[in-house]
Structures are given as C-alpha cells and as structure tokens.
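**Student:** model the following, please.
(one chain, ligands or ions: 1)
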Amino acid sequence: MSVNWTGDEELHHFYEVLETIGNGGFAKVKLGRHRLTGEKVAIKIMDKKQLGEDLPRVKLEIEAMKNLSHQHVCRMYQVIETTAKICLVLEYCSGGELFDYIIAKECLTEMETRVFFRQIISALAYVHSRGYAHRDLKPENLLIDDNHNLKLIDFGLCGKPKGGMQCRLNTCCGSPAYAAPEVILGKSYIGSSADVWSLGVVLYALLCGYLPFDDENCMALYKLIEMMQVEPQDRLTVSELLDHPWVTKDFNIPVEWHSKQQMGNIDADCITEMSIALKRSRETTTQLVKETLRFSEDDDSTGSLELISDNDSCTCRTHG
Ligand SMILES: COc1cc(O)cc(Nc2ccc(C(=O)Nc3ccccc3)c(OCCC[NH3+])c2)c1
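**Tutor:** Predicted coordinates:
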C-alpha cells in the first residue's frame, strides 16, 4: 500500500509541530519534535506565495546546506515541500541567540568571549573554504547549542561566486548595521571581505555593548577592529584572524576551522533498518539512498542517513 502524502501530512506524520521560536520576513521557525526519535528540531516554514521572487534564494540555501557540514554551522536534516510551503528541518539550538545569552549574563569574561569568537571564525573560514560567502553575519544568526557551542544559521542570503571566492559579487544584501561600506554603496565586492567587516561589527557589538574589557585588552582588541577598514584590501582576512594574537591569547594555537564531521558515510545500521522497512535488499536500499540524495563519491552530502519511507516516497534525514 503506497501512501501519497501531501507535504503537510508528511510534515505532521514525522514531526509534532509546536510553538514558534522565531519569526522573520517570509519565514516562521517553529519548534518541532520527531515523533519516532523524540529529537527536537527547528522547522523553518516558508510560504511560497510570500517568497515570490525570493524562491530561488531558498533553493540556493538548500543547495548550500547540502554542501556544508561543520561543527559550528547549524545542520539541515530534511526538506519537505508542499504546494504552498517549503519546510527546512534544522538543528535545534537549545541555548537560543548569543546576544540573549550575553544580556542574561550581563557580561562575559574575556576568555568566554574569545571561545565564542574563535568558533565564529572557525565557521566562517569553513564556509568560505566551501566557496560560499554568508553575507548576513549578525548576532541574530549565531545560536548556542546543547553543548554551549555556537552555530551559524540562515544561509538564505549566501553567495557562491561562479568563478570562486576571489570573484566579486554584486547583490546588495544583509542587514545595513552589519553590511560592509562597499556593499552599502552598491559596489561590487569580495564576499569574504564583506563577511570580515560583519565579523568586526559582531565583535565590536560584543565588546562595546555588553563585554567589560580593561584598557590593555581594549587596545589589543581595537587592533582587531582592523576588520572594519573601509577599504577591503586594508581589512584583515579570515586567514589572518585564525592566528591573530588576540584570538590565540591563552590558547596559543590557531583556530582549527576544518570540519570535524564525517562526509558522505552511510550508516550500515540505518541501511539494515531501512532494508527491512522497505522489504528490499541492503544493496538495493543503499542504491536507493544514493539515488535519492544524489550520493556520489565526489558529492559532499554528509553524515549518516536515516531513510524514512513509505514504499516509494522517501524522505531522508541526515545525522552526524
Ligand atoms: C542552516 O541553519 C539554519 C538555516 C536557516 O535558514 C534558518 C535557521 N534557523 C533556525 C534554526 C534553529 C533555531 C533555534 O533552534 N532557535 C531557538 C532554540 C531555542 C530557543 C530559542 C531559539 C532558530 O531559531 C529562530 C530564531 C533565531 N534568531 C532558527 C537555521
């Protein structure tokens, strides 16, 4: 018996959809709970009509998220599309937004600030290494997970220059308060340099808004604000930040930015479970998973897989 779910039925079949945890533009983010595993997720629900000409951006974000797997980048587990909506099932970051955390604590120690800032640089260096500029780096897009680690979210405005990261981008996007001067002025720009400006604004906001630093540290830190040089060519690069004296202080090692997450492995136990559920051989099931996810040796699809299916219609979640 095959079931042809509508997307809404599929979403509610697999997930309890609970309260709203975020609102923004054309998207609402709701807390979800996977009915089988009990795992909490964040479900970003977008109305296609409201998206209008922004619909291609969602496809770009989904494509980007399939190529990003990093300990400080929020995971996308599943995409469920209905006639009216697109739903992204995302990693739930129980600690909420970084700024809410700082407000609640009133101030952080310099070390805690450095730990968080190293994680942000690690995420950004990785995203750039995969050929993407985030272009919307701001406090609202940095969340704290269950292990008190930061996760970069929302790649809805990310850019992937066709000729590589040294090529210029043209779209003026992001939040004005965090956008680089060249972006605000409508000039073409290098995506990674514009992200570094935003990174400087995030650090400046952390410093001046909520973080008590003594003069000596302020001086060292103001040197970091070289990220906010108006001329992109005068700005620090992410690579220079990885081993910057302030960033490495007390750690004495540069930021480790490479992904610690497995790429492209298919969990054997999952295949066993799925082959039983699908009443197919392990070989056929493995092939089905690869075809469904367009898995290939040179593909960057990530993590172990759980194929939840009802006969022919399959949705895939990745873990790990
Ligand atoms: C790749 O990760 C993405 C992409 C994207 O387009 C959107 C999001 N959005 C998310 C993901 C998770 C949360 C979340 O877990 N929030 C939360 C949890 C506990 C307490 C409070 C908030 C999320 O929250 C929405 C508000 C964030 N400003 C959005 C991830």
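**Student:** just the strands in this protein please.
**Tutor:** Secondary structure of the chain, counting by DSSP state E: strands at 15-24, 27-34, 40-47, 76-81, 85-91, 96-97, 142-144, 150-152, 168-169, 189-190, 304-310, 313-319.
**Student:** got the residues of the stretch 101-250 of the chain near the ligand?
**Tutor:** For the stretch 101-250 of the chain, the residues in contact with the ligand (C-beta under 6 Å from any ligand atom) are 140, 143, 153, 154, 155, 156. Bear in mind the C-beta positions are built from the backbone N, C-alpha and C, glycine included.
**Student:** find the nearest non-adjacent residue to residue 126, please.
**Tutor:** Closest residue to residue 126 apart from its sequence neighbours, by C-beta to C-beta, 6 or more residues apart in numbering: residue 70 at 4.6 Å.
**Student:** including mean pLDDT and distance to residue 118, could the strands of the chain go into TSV?
**Tutor:** As requested, these are exported to TSV (pLDDT from 0 to 100; distance: least, C-beta to C-beta, whole Å):
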stretch	mean pLDDT	distance to residue 118
strand 15-24	93	25
strand 27-34	95	27
strand 40-47	96	24
strand 76-81	92	24
strand 85-91	95	20
strand 96-97	94	19
strand 142-144	97	13
strand 150-152	98	9
strand 168-169	93	26
strand 189-190	96	23
strand 304-310	37	28
strand 313-319	38	26
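**Student:** how about those in JSON lines, adding mean neighbour count?
**Tutor:** What follows is these, written out as JSON lines (neighbours: other C-beta atoms under 10 Å):
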{"stretch": "strand 15-24", "mean neighbour count": "14"}
{"stretch": "strand 27-34", "mean neighbour count": "19"}
{"stretch": "strand 40-47", "mean neighbour count": "21"}
{"stretch": "strand 76-81", "mean neighbour count": "20"}
{"stretch": "strand 85-91", "mean neighbour count": "21"}
{"stretch": "strand 96-97", "mean neighbour count": "15"}
{"stretch": "strand 142-144", "mean neighbour count": "22"}
{"stretch": "strand 150-152", "mean neighbour count": "24"}
{"stretch": "strand 168-169", "mean neighbour count": "17"}
{"stretch": "strand 189-190", "mean neighbour count": "23"}
{"stretch": "strand 304-310", "mean neighbour count": "19"}
{"stretch": "strand 313-319", "mean neighbour count": "17"}
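**Student:** just how off-centre is stretch 135-146 within its chain?
**Tutor:** 8 Å (C-alpha atoms, centre = their mean, to the nearest Å).
**Student:** what do you get for stretch 55-75?
**Tutor:** 6 Å.
**Student:** is any part of it close to the ligand?
**Tutor:** Yes. Using C-beta under 6 Å from any ligand atom, a contact is recorded between stretch 55-75 and the ligand, made by 61, 65, 74.
**Student:** gap between residue 104 and the ligand?
**Tutor:** According to C-beta to the nearest ligand atom, to the nearest Å, residue 104 and the ligand sit 12 Å apart.
**Student:** where in the stretch 1-150 of the chain is pLDDT low?
**Tutor:** 1-5, 7, 106-108 (pLDDT under 70).
**Student:** could you do the stretch 151-300 of the chain as well?
**Tutor:** For the stretch 151-300 of the chain, the ranges with pLDDT under 70 are 208-225, 262-265, 292-300.
**Student:** and the helices in it?
**Tutor:** Taking DSSP state H, counting those that start in this stretch as the test, the helices found in the stretch 151-300 of the chain are 181-184, 191-205, 215-224, 238-242, 245-248, 268-278, 282-293.
**Student:** now tabulate those helices in TSV and tack on distance to residue 15 and mean neighbour count.
**Tutor:** Converted to TSV, the helices of the stretch 151-300 of the chain look like this (distance: least, C-beta to C-beta, whole Å; neighbours: other C-beta atoms under 10 Å):
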stretch	distance to residue 15	mean neighbour count
helix 181-184	37	18
helix 191-205	32	23
helix 215-224	42	13
helix 238-242	36	19
helix 245-248	39	15
helix 268-278	18	16
helix 282-293	19	16
